[in-house]
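Asks: How does the following fold in three dimensions:
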Amino acid sequence: MKTKKLGLVCLLLGALLAIQGCGGGGSGSMPVVGTAPNSQTNANIAKHLSGFPTVLAGQRFMTFTSFSSGPHFSTPLGLWVVNTVTATTFTETFYVDQAETQPAGSATYTLDLSTKTLSGTISITQGKYAGLSGTYSQTVANNGTVGTYNFTLPSGTIVSCQFSIVALGGGNFGGTATETVTQPGGYSETVNFVYKADKSMTITASDTNGYSSVFKIASDFSGTGTVAGPDPGLPATVTWNSVGTGQIKFANGLVVPFTNWQFP
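Replies: Modelled structure (predicted):
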């Protein structure tokens, strides 16, 4: 059985965790069947990009307060970042060095107050993600937000996502997202993510190699899952507690324990 660690499912998960104040732990280690090697790349990009625009537009929609700051180091991107904010734009300028002598690209978001849309582009020209480019768009609608993002990674892999976040009252949020990862060689996988008001989650995934999985995750990050596919021993069931200790039980009766979400 082949699994991968899911860093974040789309920008949605990063945004919801930021809104809920949960940080980046817990669900960041849930497994999804597949062979695409880009989950940590996606996670790093999402961690860097999701917090500011998504939380802002998800909570309220108004002009920004102008300021500039930096450079500060973005650990997920491995670059130095200078922020420049005007009433309707938010720009991150990337540099290889703290002295700002080696430009490495930029990300720019623009607010359109008439349509309540926040849209942006990113291009990275230096560092470990040199060659990455992408677009992001989010619109306030129906007591929440809907949006999309599309990235082309340096490897040529394309990552696309559609997401929806809805305010449910009492400071709670719910949301859905669908992410598709397509590699240049033709392999692809699709992940569907549902986040509920009680902070539980359901993640389903399938790929072009014939693998599929369903994971149900409680608010304390305990959960259960099933994995199906062409490998001997499948389908398999997975169970774990809130600290990531659990087991995988294969169809032939073999049981493999694990700790700290370190799936085999």
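
Asks: quick check, Gly127 in a strand?
Replies: No - counting by DSSP: H, G, I helix; E, B strand; the rest coil, Gly127 is not found in a strand; it is coil.

Asks: Okay, buried residues for stretch 151-164 please.
Replies: For stretch 151-164, the buried set under the neighbour-count rule, 16 or more other CB atoms under 10 Å, comprises 151, 153, 157-164. For glycine as for every other residue, the C-beta is placed from the backbone atoms N, C-alpha and C.

Asks: oh, I was asking about stretch 194-213
Replies: For stretch 194-213, by 16+ other CB under 10 Å, it's 194-195, 197, 199, 201-207, 209, 211-213.

Asks: picking up where we left off before, nearest to Pro232, of the buried residues of stretch 151-164?
Replies: Thr157 (28.8 Å; CB to CB).

Asks: sorry, back to before: and the buried residues of stretch 194-213, which of them are in strands?
Replies: 194-195, 201-207, 212-213 (DSSP state E).

Asks: can you redo the residues you listed as TSV with pLDDT and distance to Gly225?
Replies: Supplementary listing: these in TSV, determined by pLDDT from 0 to 100; distance: CB to CB, whole Å:
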residue	pLDDT	distance to Gly225
Val194	88	14
Tyr195	86	16
Met201	88	11
Thr202	91	10
Ile203	88	8
Thr204	90	10
Ala205	88	10
Ser206	89	14
Asp207	88	16
Ser212	89	11
Ser213	89	6
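
Asks: List just the nearest of those residues to Leu118.
Replies: Tyr195 (20.2 Å).

Asks: Grab the nearest non-local neighbour of that closest one.
Replies: Gly175 (4.7 Å; CB to CB, 6 or more residues apart in numbering).

Asks: can you confirm the one you found is in a strand?
Replies: Yes - counting by three-state DSSP, Gly175 is part of a strand.

Asks: Okay, and the beta partners of it?
Replies: Per DSSP bridges, the residues bridged to Gly175 are Ile165, Tyr195.

Asks: Was I right to think Leu234 contacts Phe250?
Replies: Yes - counting by CB atoms under 8 Å, Leu234 touches Phe250, with 7.1 Å between them.

Asks: Tell me where this protein has helices.
Replies: 10-20, 39-49, 51-59 (DSSP state H).

Asks: Least reliable of these by average pLDDT, please.
Replies: Lowest mean pLDDT of those: helix 10-20, a mean of 33.

Asks: Strands of the stretch 1-150 of the chain, residue ranges please.
Replies: Secondary structure of the stretch 1-150 of the chain by DSSP state E, counting those that start in this stretch: the strands cover 3-5, 31-33, 67-74, 79-85, 89-95, 103-112, 117-124, 133-140, 144-152.

Asks: partners of the fourth one, with directions?
Replies: Read that as strand 79-85. Counting by DSSP bridges, the strands paired with strand 79-85 are strand 67-74 (antiparallel), strand 89-95 (antiparallel).

Asks: Point out the most buried one among those.
Replies: Comparing these by mean neighbour count (mean count of other CB atoms under 10 Å), strand 89-95 comes out on top with a mean of 20.

Asks: and that one, how far out from the chain's middle?
Replies: 20 Å (CA atoms, centre = their mean, to the nearest Å).

Asks: Run through who's touching it.
Replies: With CB atoms under 8 Å, 6 or more residues apart in numbering as the test, strand 89-95 has contacts from 52-53, 64, 71, 74, 77, 79-85, 101-111, 120, 124, 126-127.
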